[in-house]
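In: mind folding the following:
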Amino acid sequence: MSGVVRSEFTENYKKDMYSWYWEKYDETPPRYEDIFEVVQSDAAYSKFTSAIGLGDLLEKPEGEDLQSEKPMESYTIVCKNRTWGRITKMTFEAVEDAQKTGNFLQETVGTWGNSAPRTKDKWYSNFFNMGAITTGNDVFDNTISGVVDDSSGNLIYDGQAFFADSHPDKVGNTYDNYNNSTSLTQSNLQSVYTQYTVTNAKDERGNPVELIPDVLLIPPALRFTAQAILESTLIPGSMDNDTNVVRALVSPMQWVHLTDADGWFLGKLKMGLMATDRMDVTLDFWQDETNKDFYASIITRFGGCVTNWRFWLANNIDSS
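Out: Below is the predicted model:
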């Protein structure tokens, strides 16, 4: 039966691994930290209900009773923490003969220092890259087998894709936060802004709410298009010298992991999306007493979910 051997040799290298990891860690904050609400988690999952809200207050005539209002059933949202990691092996003979364990470990752990934040950023970008897929995607499925069931499966809490044309409310209306063939232009941005702030600015009861976007999320290929639209004093490409009414309307934000080169998103930072941090990166180094080989590992836990689709509107991305 295999087992783990702890020795001064392995413990010293384990301590060194953290130094090597942070030496190579990419200090540039991952983009998802600007977009998602990042919260600390102390359990395998979080489970909560979405806010429905009550209607406006009603005037109570003197001498009459207050008017009652029936509560509405809300949506259940599950957000699980996923486990991520890697392991690498060094044979006993390689360590014994080469005497370069430190060099090998330093290179390996240094690589992890770059790949760990990149892995998180790429995974969270899939909320946007896969958000319009009509059949959904595993990034939205927060079921933990035998522990908690996410009834929405590969979709979000209302049974629709994150970006869909038929999000239902609780009083029979549907809303659209996905435009299939809408390229990034000055006039299209105006139309989508109105869709975001007027058409979709309703709560689950159909009551008007204030929704004001603050970011235009784009892939690198749209950087200059976005700058021309949002920074020009006059309408780009127009010969009439008309004022550019969308100038500085929102701030452009580039995300290298967005996969649709001409897809773009209008949204509100840190609203509608939750990222959970369950466990920081943990490094380990040990020897297997059966075969005497050495192993190094990295492990971390995090997750995410959609809490309100209304804060994001997708344009020109794939739905299949």
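
In: show me where pLDDT drops low in the protein?
Out: 1-6, 27, 51, 53-55, 70-71, 98-101, 237-241 (pLDDT under 70).

In: swap in 80 and give it another go.
Out: Filtered on pLDDT under 80, the chain yields the residue ranges 1-9, 25-28, 50-58, 66-73, 94-104, 234-243.

In: neighbours of Thr91, just the number please.
Out: 13 (other Cβ atoms under 10 Å). The way it works is simple: take the backbone N, C-alpha and C, and place the C-beta from them, glycine included.

In: which parts of this protein are strands?
Out: Per DSSP state E, the chain carries strands over the ranges 4-5, 37-40, 45-49, 76-90, 167-168, 174-175, 178-179, 215-218, 251-254, 264-267, 273-288, 294-306, 312-315.

In: what's in contact with the second one?
Out: When you say that, I think you mean strand 37-40. 270-271, 273-277, 307 (Cβ atoms under 8 Å, 6 or more residues apart in numbering).

In: dump the residues you listed to CSV, plus distance to Lys122 and neighbour count.
Out: CSV is the format used below for these (distance: Cβ to Cβ, whole Å; neighbours: other Cβ atoms under 10 Å):
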residue, distance to Lys122, neighbour count
Lys270, 20, 17
Met271, 22, 18
Leu273, 15, 25
Met274, 18, 21
Ala275, 13, 23
Thr276, 17, 23
Asp277, 16, 15
Thr307, 21, 20
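
In: quick check, nearest of those residues to Ala94?
Out: The nearest member of the contacts of strand 37-40 to Ala94, counting by Cβ to Cβ, is Asp277 at 35.7 Å.

In: what's near enough to touch the closest one?
Out: Each residue near Asp277 by Cβ under 8 Å, 6+ apart is listed here: 38-41, 302.

In: quick revisit: nearest to Gly172 among the contacts of strand 37-40?
Out: The nearest member of these to Gly172, counting by Cβ to Cβ, is Thr307 at 22.6 Å.

In: so what's that closest one up against?
Out: 37, 50, 77, 272-274.

In: most neighbours, which of the contacts of Asp277?
Out: Busiest of these [other Cβ under 10 Å] is Phe302, holding 21 neighbours.

In: so what's that residue bridging to?
Out: In this entry, Phe302 is beta-bridged to Arg82, Asp277, by DSSP bridges.

In: hang on, the earlier thing: so can I have TSV of the contacts of strand 37-40 showing distance to Ala261?
Out: Listed next are the contacts of strand 37-40 as TSV, based on distance: Cβ to Cβ, whole Å:
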residue	distance to Ala261
Lys270	26
Met271	26
Leu273	22
Met274	28
Ala275	25
Thr276	30
Asp277	31
Thr307	28
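
In: from the residues you listed, which two are the most distant?
Out: Taking Cβ to Cβ, the two most distant members of the contacts of strand 37-40 are Met271 and Asp277; they sit 18.4 Å apart.

In: what distance do you get for the closest residue to Tyr178 other than its chain neighbours to Asn129?
Out: Setting aside the residues directly before and after it, Tyr178 is nearest to Phe163 in space (Cβ to Cβ, 6 or more residues apart in numbering), at 3.9 Å. Between Phe163 and Asn129 the computed distance is 11 Å (Cβ to Cβ, to the nearest Å).

In: who's more crowded, the two?
Out: Neighbour comparison, Phe163 and Asn129: the larger count goes to Phe163, with 27 against 21 (by other Cβ under 10 Å).

In: contacts only, for that one.
Out: Phe163 neighbours (Cβ under 8 Å, 6+ apart): 131-132, 177-178, 309, 312-314, 317, 319.

In: ditto for Phe127
Out: Counting by Cβ under 8 Å, 6+ apart, Phe127 has contacts 139-140, 162, 273, 304, 306.

In: which single one of those residues is nearest to Gly153?
Out: Distances from Gly153 to the contacts of Phe127, taken as Cβ to Cβ, are shortest for Phe140 (7.9 Å).

In: surely the closest one is in contact with Leu155?
Out: Yes - Phe140 lies in contact with Leu155 (Cβ atoms under 8 Å); the separation is 6.1 Å.

In: and the residue positioned nearest the centre of the chain, how far is that from Glu37?
Out: With the centre of the chain defined as its mean C-alpha position, the nearest residue by Cα atoms, centre = their mean is Tyr124, 3.6 Å away. Going from Tyr124 to Glu37 by Cβ to Cβ gives 12 Å.
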